[in-house]
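K.L.:
turn this into a model:
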Amino acid sequence: MPEPSRPYRGNDNDLEGELERFFITTGFYDLLPLAIEMAKGLGYDPSEMIEAICKVNDKFCQYPPTRNRTVWFRKVFVEKLREARGDILTFRARMSYYGK
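P.N.:
Predicted structure coming up:
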């Protein structure tokens, strides 16, 4: 299982390298181009994609696809991108409310 994402403190190239590493670790490396295209089209950034791929991997372990892996991934990845954005926004709001 991939390690939890850490706060972004670098340029986009560093984060995209991390993104690639997470996709390799989870076994979805073949779907990385599709994921990047979908996420950019929907307005998500790499940190949200890292969180989402971890959530996709968790769902894959519980409910693996029975037929078409690519279609399953597309549907679950969009769902998990939305969850990831919500989780990140909640975390940031709590940090600003309770302090660092």
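K.L.:
only C-alpha atoms from now on, for both contacts and neighbour counts.
P.N.:
Fine.
K.L.:
what about Arg85, neighbour count?
P.N.:
Neighbour count of Arg85, defined by other C-alpha atoms under 10 Å: 18.
K.L.:
ok, the closest residue to Asp45 other than its chain neighbours to Leu31 distance?
P.N.:
In this structure, Asp45 finds its nearest non-sequential neighbour in Ala39, 7.1 Å apart by C-alpha to C-alpha, 6 or more residues apart in numbering. Remark: distance between Ala39 and Leu31 (C-alpha to C-alpha, to the nearest Å) = 12 Å.
K.L.:
who's more crowded, these two?
P.N.:
Between Ala39 and Leu31, counted using other C-alpha under 10 Å, the more crowded position is Ala39 (18 against 15).
K.L.:
just the element for the more buried one, please.
P.N.:
helix 32-42 (DSSP states H and E).
K.L.:
which other helices and strands contact that helix?
P.N.:
helix 69-98 (3 or more C-alpha pairs under 8 Å, 6 or more residues apart in numbering; DSSP states H and E).
K.L.:
name the helices or strands packed onto the helix it packs on?
P.N.:
helix 32-42, helix 46-62.
K.L.:
now tell me what touches the helix holding Ala39 from outside.
P.N.:
20, 23, 45, 49, 74, 77-78, 81 (C-alpha atoms under 8 Å, 6 or more residues apart in numbering).
K.L.:
mind checking the SS state of Leu67?
P.N.:
For residue 67 the amino acid is Arg, not Leu. Look at Arg67: counting by DSSP: H, G, I helix; E, B strand; the rest coil, its state is coil.
K.L.:
what's the burial count for it?
P.N.:
8.
K.L.:
distance check, Glu83 against Asp30.
P.N.:
23 Å.
K.L.:
these two: who's more crowded?
P.N.:
Glu83 (16 against 11).
K.L.:
which other helices and strands does the helix or strand bottoming out on mean pLDDT in the chain contact?
P.N.:
When each helix and strand of the chain is scored by mean pLDDT, DSSP states H and E, helix 12-26 comes last, with a mean of 83. Here helix 12-26 touches helix 46-62, going by 3+ C-alpha pairs under 8 Å, 6+ apart.
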